Structure formats: structure tokens, C-alpha cells
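In: Whatever this is, show me its structure:
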Amino acid sequence: MENIKLAEENKMGEQEMRQVYAEAITKLIEEGEPVMAMDADLMRAIGLLSYQKDYPDNIIDCGIAEANMMGVAAGLSAEGFVPFPHSFAVFSSRRSMDQVFMSGAYAKLNIKVVGSDPGICAGLNGGTHQAFEDVAVMRCIPNITIVEPTDGAMVRDLTIQAAKTYGMFYIRMNRGKAETIYEEGSSFEIGKAVKLREGQDATVIAAGREVIEAVRAAELLKEEGIHIRVLDMFTLKPLDKEAVIAAAKETGAIVTAENHNVIGGLGSAVAEILAENCPVPVERVGVQDEFGEVGPADWLKERFHLTADDIVRKVRTVKSRKGMEG
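Out: So this is what the prediction gives:
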């Protein structure tokens, strides 16, 4: 059951998201859930290395062989376990696509694929490790659920929910610290967007690290007398169709914001719903069909135009288009 409490202040979280994830996994193990945390030689990166000695039967390093890891996960699932295979998002998605699709989804198994440090979160690892396409890759798999936790509180809740919900999941997760949007103990309904701000001039639909940018944009726009609705669309599939259509009907203009290519991700999913149900002006904040680059995440945010100021500019544009199209 949904039980959401917004944080009083959007300050940097005390824990890294990977620490929260590791705590959630070990809590599940201690409670007797048949969870198998799997990794492609990246247990330190995801925060589980220090726990392996305490739970050697539930935390497995499969080595740098991501596709094989997905096959092992399929076998474990077939035997009644709940595997959480993890790697960097580029390797959990495009490198392992066939195994996730055939061995996991096609076989209707129960696997929770974790892809960490998507998009610009990969920072100095550069373009080879910056997954700007992972949602597009995974979104085409039938019946998969795709979630992108916004902060630590959501990581904790969604990890536990995923473990207790049968089916294929892709969990797209930043490893580092994130600004707090929700209070600890909040619970979320998968498939339902969270309304963070109310407004009538336009709606910003954001996911992941772009949610805090959307909140900041709302504050900047309020100073101009522009009031926007902000939706945290943490479930990228199945998308909250009702929330999208309601936003279009009630605010008349939509901006999407994502740490991903504008092709195939949140922006595409929202545009598909609107085209079929309620066409309104749409602008998309995201990577404009480019490869990644080496650099700190804050610099990359500017480089790929993923800032609050970029959202503000798109809101101004889409607002000006209201009533001028059709």
C-alpha cells in the first residue's frame, strides 16, 4: 500500500544508494527470503562485498561474464530462488539482452536485473559505460517491469517490493548519494507516479536523477509566476497512463526529463501515450541521440543539458505552444 511522505528539505542523503540497496538485500536474506544477490565482479561497486562473508550462500560473484550471469540467474529462478543479478547498466542491458529476453522473460521467470550508474552517473568511466539506451533496450521486452528509484528511501522500498513480486524487473539505479525527496519509511505503488508539485501551466514528468532538477525548476518558474505540476515517474514500465493523460488534459503541455537518450526512454513512452490519447505540445529534456563523454557527473549534466535551467527553458517553450497547435 502506498504510504508516501515528502522530505521537508531536499538535502543530500546521508547514505549512498548502493549502501541502502545492500542493506535491503541483506534484510531480505535475514528474513528468510530466497534472495540470491549476483554480481559480475562488481560487489564492491554495489556495496555487497563486505556482506559476502556473512551470507556466502546468498551472495555470488559470477565474474566478468554478464550474459552467463543472466543464464545462471535463470537457472536459480527455475529452482525457486529470487536472483538479483547486478552489473553496470550498460552490461546489464545491452550486453545481456538476449539472455534477459530468452532465458528470463520468455521463460516467464522471476529475475530482478539491476543496472547501476546509468547515463551520466557513470561519470569518469566515460562513454563506454554511460548507458543512455538501457531503458530503450529493456522496454521492448514483454511484461518486464522497469523502475528507477529516485532516492535512498525509494531504493529500500522498491528492492523489497521487487523481491516479493513475481516477474522480470529491471532496476535502474544510481550508486552514489542522491538528494532526499522522500522520508525514510515511505512506500510506493509500482506503476503509479508520485505528484510532487501541483500547477496548471504545464507538467514536468521526470525520472531518476532528473526528479530533483524538476523540483528545482518548479521553484525557479514559480518566481516567474509559472506554476507547474511535477510527476516522479519512477516506474518506466508499465507507465502510469492515467497520470499522463490527466496531466495533459489539466495542464495542456508536457515536458519530460530523463538521464537517458530522448529516443526510446521516458520521453518516447510519454509521447506514445499522448499521441494515442490526448495530443498536447511536448518537449523532451534528455540526451539528444549522442554517445557519452568522459567527465564528472556535474559537468556532464551541463554538457548534455539535463539541468533545472534546461527544464525551465523547455517549460517556457512548451507553454508558449499551448493553444497554437492543432
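In: Would you mind listing where the chain has pLDDT under the threshold?
Out: Along the chain, segments meeting pLDDT under 70 span 1, 323-326.
In: And the residue nearest the centre of it?
Out: Glu148 (1.8 Å; C-alpha atoms, centre = their mean).
In: quick one, what contacts that residue?
Out: By C-beta atoms under 8 Å, 6 or more residues apart in numbering, the residues touching Glu148 are Pro118, Val135, Ile171, Arg172, Met173, Ala207, Gly208, Phe234, Leu236. The way it works is simple: take the backbone N, C-alpha and C, and place the C-beta from them, glycine included.
In: now do Val35
Out: Ile25, Leu28, Ile29, Asn58, Phe81, Val82, Pro83, Phe84, Ala163.
In: Cross those residues against strands and list the overlap.
Out: Members of the contacts of Val35 lying in strands (criterion: DSSP state E): Val82, Pro83, Phe84.
In: Looking at the residues you listed, which is nearest Ala218?
Out: The shortest approach to Ala218 among the ones in strands among the contacts of Val35 belongs to Phe84, at 34.2 Å (C-beta to C-beta).
In: So that closest one is in contact with Asp39, correct?
Out: No. Counting by C-beta atoms under 8 Å, Phe84 stays clear of Asp39, with 9.0 Å between them.
In: between the two, which one's more packed in?
Out: Phe84 (28 against 25; other C-beta atoms under 10 Å).
In: circling back: distance to Ala297 for the contacts of Glu148 - can I get that in TSV?
Out: Output for the contacts of Glu148, formatted as TSV (distance: C-beta to C-beta, whole Å):
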residue	distance to Ala297
Pro118	11
Val135	18
Ile171	20
Arg172	15
Met173	14
Ala207	16
Gly208	12
Phe234	20
Leu236	20
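In: For stretch 97-115, buried residues please.
Out: For stretch 97-115, a neighbour-count test (16 or more other C-beta atoms under 10 Å) marks 97, 99-101, 103-105, 109-115 as buried.
In: same deal with stretch 154-164?
Out: Judged by neighbour count (16+ other C-beta under 10 Å), stretch 154-164 contains these buried residues: Met154, Val155, Arg156, Asp157, Leu158, Thr159, Ile160, Gln161, Ala162, Ala163.
In: in the stretch 1-150 of the chain, which spans are strands?
Out: Using DSSP state E, counting those that start in this stretch, the strands found in the stretch 1-150 of the chain span residues 35-39, 59-61, 82-88, 112-116, 145-147.
In: ok, back up a step: mind checking which of the buried residues of stretch 154-164 land in helices?
Out: Those of the buried residues of stretch 154-164 mapping onto helices are Met154, Val155, Arg156, Asp157, Leu158, Thr159, Ile160, Gln161, Ala162, Ala163, per DSSP state H.
In: list the contacts for the first one?
Out: Shown in contact with Met154 (C-beta under 8 Å, 6+ apart): Ile181, Tyr182, Ser186, Phe188, Phe234.
In: Pretty sure the last one sits against Phe188.
Out: By that I understand Phe234. Yes. In this structure Phe234 lies within contact range of Phe188 using C-beta under 8 Å: 6.8 Å.
In: intersection of neighbour lists for those two?
Out: Here Phe234 and Phe188 share the contacting residues Met154, Leu158, Val194, scored by C-beta under 8 Å, 6+ apart.
In: picking that back up, now render the strands of the stretch 1-150 of the chain as a markdown table, adding distance to Glu290.
Out: As requested, the strands of the stretch 1-150 of the chain are exported to a markdown table (distance: least, C-beta to C-beta, whole Å):
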| stretch | distance to Glu290 |
| --- | --- |
| strand 35-39 | 30 |
| strand 59-61 | 34 |
| strand 82-88 | 19 |
| strand 112-116 | 20 |
| strand 145-147 | 22 |
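In: Which among these is found nearest to Glu293?
Out: Glu293 lies closest to strand 82-88 among the strands of the stretch 1-150 of the chain, at 16.4 Å (C-beta to C-beta).
In: Okay, now the sheet partners of the closest one, with direction.
Out: Applying DSSP bridges, strand 82-88 is found paired with strand 35-39 (parallel), strand 112-116 (parallel).
In: re the thing from before, closest one of the buried residues of stretch 154-164 to Val318?
Out: Within the buried residues of stretch 154-164, the smallest distance to Val318 is 27.1 Å, found for Met154 (C-beta to C-beta).
In: measure the closest one to Asp54 for me?
Out: The gap separating Met154 from Asp54 is 26 Å, by C-beta to C-beta, to the nearest Å.
In: what's the answer for Gly127, then?
Out: Taken as C-beta to C-beta, the span from Gly127 to Asp54 is 37 Å.
In: And the strands in the stretch 201-326 of the chain?
Out: 202-206, 228-232, 235-237, 254-261, 282-287.
In: For Glu66, which of the ones you listed is the nearest?
Out: For these, proximity to Glu66 was assessed by C-beta to C-beta; strand 254-261 is nearest, at 19.9 Å.
In: quick one: that closest one to chain centroid distance?
Out: From the chain centre to the centre of strand 254-261 is a distance of 12 Å (C-alpha atoms, centre = their mean, to the nearest Å).
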